[in-house]
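Asker: With the input below, show me the fold.
(one chain, ligands or ions: 1)
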Amino acid sequence: MRHPHTPCVSLKLLTAAALVLAAVCPVRRTAAADGANASQTTNAARLYAKHCAQCHGQSGRGDGPRAAQLKARIRSFADCAWMAMRSDAVLFLIIRDGSGAIGLMPEMPAFDGQLNEGQITELVSYIRHFCLDRSAAGGGR
Ligand code: HEC
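Answerer: From the prediction side, this is the model:
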């Protein structure tokens, strides 16, 4: 059951603010910021391994150990063409509210109880790194 009322509105505003900050902050790169980015990646990698890899696979190709039991065929995060059509805001929404939130097969749970907004934002940029391997682009269908 979803309640499309006030709590969601403020969450969405917070989300928008977080996304704006995420977009603006990388412009100001300093040695300290680079250090923070490095530890963020490690943190995001850990979160991914713990919460996501069981379905999405360690390499993001949708081939985790639980994927075979799902009805959905999970898209590969290494599919650059596909991922380019997904905005950060949509990826954030999927992770926070589950895959059903945007009409995908609802087998992926919402993570809003387990991950805070900062962690979800880190995961959004983390899953984008899978597509940097250009040789894997298009291999996810
Ligand atoms: C129980 C298995 C499961 C877990 C755990 C899981 N997902 Fe998913 N995920 C799915 C399924 C199923 C879909 C939707 C597949 C479909 O219908 O296209 C999906 C879809 C997605 C999509 C959208 C992909 C697209 O089609 O554009 C993203 C992004 C995503 N998951 C990220 C994550 C992240 C990040 C985590 C960890 C926090 C996670 N998922 C954990 C099963 C899972």
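Asker: ok, the residue lying closest to Ala45 once chain neighbours are set aside - contacts?
Answerer: Closest residue to Ala45 in three dimensions, ignoring its sequence neighbours and counting by Cβ to Cβ, 6 or more residues apart in numbering: Tyr126, at 6.7 Å. C-beta: built from backbone N, CA, C; applies to glycine. Counting by Cβ atoms under 8 Å, 6 or more residues apart in numbering, Tyr126 makes contact with Thr41, Ala44, Ala45, Leu47, Tyr48.
Asker: hmm, who's touching the helix or strand hosting Asn37?
Answerer: For Asn37, the host element (DSSP states H and E) is helix 31-51. For helix 31-51, the external contacting residues (Cβ under 8 Å, 6+ apart) are 25-26, 56, 58, 111, 114-115, 119, 122-123, 125-127, 129.
Asker: What of stretch 93-108?
Answerer: Taking Cβ under 8 Å, 6+ apart as the rule, stretch 93-108 contacts 15, 55, 70-72, 90, 109-112, 115, 117, 120, 123-124.
Asker: What about the ligand: which of these touch it?
Answerer: The subset of these within reach of the ligand, by Cβ under 6 Å from any ligand atom, is Cys55, Leu70, Ala72, Phe111, Leu123.
Asker: how about the CA coordinates for stretch 102-119, as CSV?
Answerer: Below are the C-alpha coordinates for stretch 102-119, written out as CSV (Å, rounded to 0.1, in the frame of the first residue of the first chain):
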residue,chain,number,x,y,z
ILE,A,102,8.5,2.4,-12.3
GLY,A,103,6.5,-0.5,-13.6
LEU,A,104,9.3,-3.1,-13.9
MET,A,105,8.8,-6.6,-12.5
PRO,A,106,8.3,-5.9,-8.8
GLU,A,107,10.7,-8.5,-7.6
MET,A,108,13.4,-6.1,-6.4
PRO,A,109,12.5,-4.8,-2.9
ALA,A,110,12.5,-1.2,-1.8
PHE,A,111,15.7,-0.3,0.1
ASP,A,112,14.5,2.9,1.8
GLY,A,113,14.5,1.1,5.1
GLN,A,114,18.0,-0.3,4.8
LEU,A,115,19.9,2.4,2.9
ASN,A,116,19.9,6.1,3.5
GLU,A,117,19.7,8.7,0.8
GLY,A,118,23.5,9.2,0.7
GLN,A,119,24.1,5.5,0.3
